[in-house]
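> Next come a sequence and a model predicted from it.
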Amino acid sequence: MRQIEPVQYTEKEMRFLQANIRSLNTSRHLLELTTSTRRSEVLLLQKVWRDVNLKDFLPPITKLRDSREGGGVAIYVHKTAKVVPLLHYDIKDLEAVWAEIMIGNVRLVVGSVYIPPGQLQQLHLLRGVLQRICTENSDVVIGMDANARNHLWEADMVSENSTNQRMGEVLADILMDCSMEVLNDGNATYHKGQYKAALDVTAAKGVLRDHVCHWRILDDDIRSDHSAIEYTVGEQAEVQRQEVRDWKNTD
């Protein structure tokens, strides 16, 4: 494994790590290694399965399934940050958690969301709560395993009449209705055998107006078919603002 130099903490930016972790039962130690090396401050995790404390992080904000294993979402915030759970945005039958986080001079409302394959009804639930959140808050970031594909966040997608592409059309419409911008760079976030797709989506409202953002896929091993995603929101002058592109219509 190649050696990665630790990144320094700074009060001028907020460092995110987003991932479908495929159970903290098996991925916890690798996740802690990645967050320590990357100096992650906010973790937006999907399919956590259970409530687990992580080293150097406050107790998580979670929503777990009541009667069966699998699924579950969590927001972990570094112990040096300020966080307020936004429980009034909780919606029955939607796997999503929300919080307001402040690190230095960066203050955001963030959400972690999991939409199971084929669950269009949960996307409709997401539309309602996301419209409310984006109306009531100026700066919002959402990290999700949406199980949805669209040219807005997957550059090499081949159009076909599939469930995840139909879900992608619905999700793209939701994000546009909420004035959110996709931060993905067009690359696949999920790999299994020969199959690859961008099923994990990061979107923001108001953030690109006020802050510099940098989004990238990591090659760190987290024992998941989904890649870990890192992004920063803050005042990194040397990082260029990401242009949100419609990959379908890009030459």
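Thanks, I have the structure now.

> Could you list the low-pLDDT ranges of the stretch 1-150 of the chain?
Filtered on pLDDT under 70, the stretch 1-150 of the chain yields the residue ranges 1-11, 68.

> Which strand residues bridge Lys196?
Lys196 has these beta-bridge partners by DSSP bridges: His191.

> Which pLDDT value belongs to it?
For Lys196, the model assigns a pLDDT of 95.

> number of nearby residues for it?
Using other CB atoms under 10 Å, the number of residues around Lys196 comes to 15. No exception for glycine: its C-beta is placed from N, CA and C like everyone else's.

> Just the strands from the stretch 101-250 of the chain, written as ranges.
Using DSSP state E, counting those that start in this stretch, the strands of the stretch 101-250 of the chain run over residues 106-114, 140-145, 181-182, 190-192, 195-197, 200-205, 212-217, 229-234.

> Partner strands of the shortest one, with direction?
With DSSP bridges as the criterion, the sheet partners recorded for strand 181-182 are strand 200-205 (antiparallel).

> to the chain's geometric centre, what's the distance from the strand it pairs with?
6 Å (CA atoms, centre = their mean, to the nearest Å).

> export that strand as PDB, just CAs?
Output of strand 200-205 as PDB, limited to C-alpha atoms (Å, rounded to 0.1, in the frame of the first residue of the first chain):
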ATOM      1  CA  ASP A 200     -23.200   7.900  -5.400                       C
ATOM      2  CA  VAL A 201     -24.100  11.600  -5.800                       C
ATOM      3  CA  THR A 202     -22.900  14.800  -4.000                       C
ATOM      4  CA  ALA A 203     -25.000  17.900  -4.500                       C
ATOM      5  CA  ALA A 204     -24.900  21.400  -3.000                       C
ATOM      6  CA  LYS A 205     -27.000  24.500  -2.900                       C
END
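
> So what touches that strand?
The contact list for strand 200-205 (CB atoms under 8 Å, 6 or more residues apart in numbering) reads 18-20, 134, 137-146, 148, 153, 171, 175, 178-184, 189-190, 213, 215, 226-227, 229, 231, 233.

> For PyMOL, what selects the buried ones among those residues?
Command for PyMOL, covering only those of the contacts of strand 200-205 found buried under the criterion 16 or more other CB atoms under 10 Å:
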select buried, resi 18+19+20+134+137+139+140+141+142+143+144+145+146+148+153+171+175+178+180+181+182+183+184+189+190+213+215+226+227+229+231+233
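
> Not counting sequence-adjacent ones, nearest residue to Leu44?
Gly143 (3.5 Å; CB to CB, 6 or more residues apart in numbering).

> Confirm for me that that neighbour is in contact with Tyr114.
No: the criterion here is CB atoms under 8 Å, and Gly143 misses it with Tyr114 at 10.1 Å.
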